[in-house]
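Visitor: using only what follows, build the 3D model:
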Amino acid sequence: EIQSKLTRNRNNLAACLIGLRRFDEAEVELKNILSKHPKFPLTHFNLGLLYEEEGRLSDARKAYATEVELQPNSVAARFNLANLLLRSGDVAGAEDQLGQLIKAKPDEPRAYLFLARALLARSASPEEALPFVKTGLEKSTTPDLKALGYFLLADIYSRLGRRADVEEALRNARYYQARIAPVKDP
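Guide: Got it, this is the predicted structure:
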């Protein structure tokens with residue numbers, strides 16, 4: 001609050017250090033910020049990223065949950081928390097986070113697609129997941145999300161026994177998958 005710009009810059013520095021895999025330095029920066037400003041936006045989120053990179057998934061989950069508690073409209077924190085919950089088998093928790101994300105940010109396509117993924121993970125009926133995939137696809141503008149959406153659609157059509165639709169969805173998924181720009185290492 002006193003020097004929010006300086007604190008924001010230190011938080012950005014910590015995020016860069018995480019990207020450079022200089023985890024010890026990043027953790028020192030983040031904990032220093034939190035010792036003075038325990039509610040500073042994105043600090044717990046960045047701590048979650050750091051812990052996730054280090055494989056400390058329980059700590060990452062707590063950090064993301066704290067960020068969501070402090071900043072309920074943080075799309076990134078809520079999404080990362082939902083993704084960790086889904087990966088750890090807490091499908092109901094993931095569904096809850098993604099549902100809240102859809103309410104807060106109805107134009108966020110990842111929320112719809114990952115909610116469909118969570119529904120399929122808990123063996124919900126394909127018909128229950130289908131509208132979320134279709135909405136996610138409609139809202140998606142990037143090839144990675146389009147590819148994910150079409151792969152999910154192929155899964156749903158497969159469960160419904162709609163072979164021709166599976167083939168079309170897979171063609172579309174591969175089309176968009178081929179358009180995803182490769183990630184370059186720094």
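
Visitor: might you list the low-confidence residue ranges for this structure?
Guide: The chain contains residues with pLDDT under 70 at 1-5, 183-186.

Visitor: the protein: helices as residue ranges?
Guide: 4-19, 23-36, 43-53, 57-70, 75-87, 91-104, 109-121, 126-139, 143-159, 163-177 (DSSP state H).

Visitor: in a markdown table: those, plus mean neighbour count.
Guide: To be clear about C-beta, it is placed using only N, CA and C from the backbone, and glycine gets the same treatment. Formatted as a markdown table, the helices of the chain follow (neighbours: other CB atoms under 10 Å):
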| stretch | mean neighbour count |
| --- | --- |
| helix 4-19 | 16 |
| helix 23-36 | 16 |
| helix 43-53 | 24 |
| helix 57-70 | 19 |
| helix 75-87 | 21 |
| helix 91-104 | 19 |
| helix 109-121 | 24 |
| helix 126-139 | 18 |
| helix 143-159 | 21 |
| helix 163-177 | 15 |
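
Visitor: how far away is the residue nearest to A154 when sequence neighbours are not counted from V133?
Guide: Once flanking residues are discounted, A154 sits nearest to A169: 3.8 Å by CB to CB, 6 or more residues apart in numbering. Using CB to CB, to the nearest Å, A169 is found at 9 Å from V133.

Visitor: number of residues surrounding S74?
Guide: 22 (other CB atoms under 10 Å).

Visitor: make sure it is actually in contact with A65.
Guide: No - assessed by CB atoms under 8 Å, S74 is found out of contact with A65, at 11.2 Å.
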